[in-house]
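Asker: any chance you could fold what I've pasted below:
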Amino acid sequence: MIKKKKYKLLLLGLLFDGIGMLSLLMPGIGEFTDLIWAPVAGWLMTKMYKGNPGKIAGLIAFIEEIVPGLDIIPSFTLMWLYTYIFKGNNSVTIEEN
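Answerer: Down below sits the predicted model:
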């Protein structure tokens, strides 16, 4: 069950990274969509990853989305890699509703 939720986080992260990169396909207006997506991405990151790591990742995701040209960085995927590969955390931190 934990493994399933772990990979659910990965799939959600890939989806959110893809949404963030969509603005690159719309030159001129894509930067304005980042004004909406940046706070949403930051909030989502804090909901997906709890505690200080989630707060820091949320801030990084916000900055990455709000600064033009940084949309190419897959912050959600990088956070998943940090949490489950580099740090070796096997617990799941997604909020269940």
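Asker: now do the contacts for the residue sitting nearest the centre point of the chain.
Answerer: What sits nearest the mean C-alpha location of the chain, by CA atoms, centre = their mean, is Phe76, with 2.9 Å. Applying CB atoms under 8 Å, 6 or more residues apart in numbering to Phe76 gives the contacts Leu12, Gly13, Leu14, Phe16, Asp17, Ala41, Leu44, Met45, Met48, Ala61. Every residue, glycine included, has its C-beta placed from N, CA and C.
Asker: which SSE is it in?
Answerer: Take DSSP states H and E as the rule and Phe76 turns out to sit in helix 75-81.
Asker: likewise Pro27?
Answerer: Going by DSSP H and E, Pro27 is not in any helix or strand.
Asker: that one: neighbour count?
Answerer: 8 (other CB atoms under 10 Å).
Asker: can you count the residues close to Gly18?
Answerer: 12.
Asker: so how far is Lys6 from it?
Answerer: For Gly18, the distance to Lys6 equals 19 Å [CB to CB, to the nearest Å].
Asker: what average pLDDT does the helix holding Phe76 get?
Answerer: Per-region confidence: helix 75-81 scores 95 on mean pLDDT.
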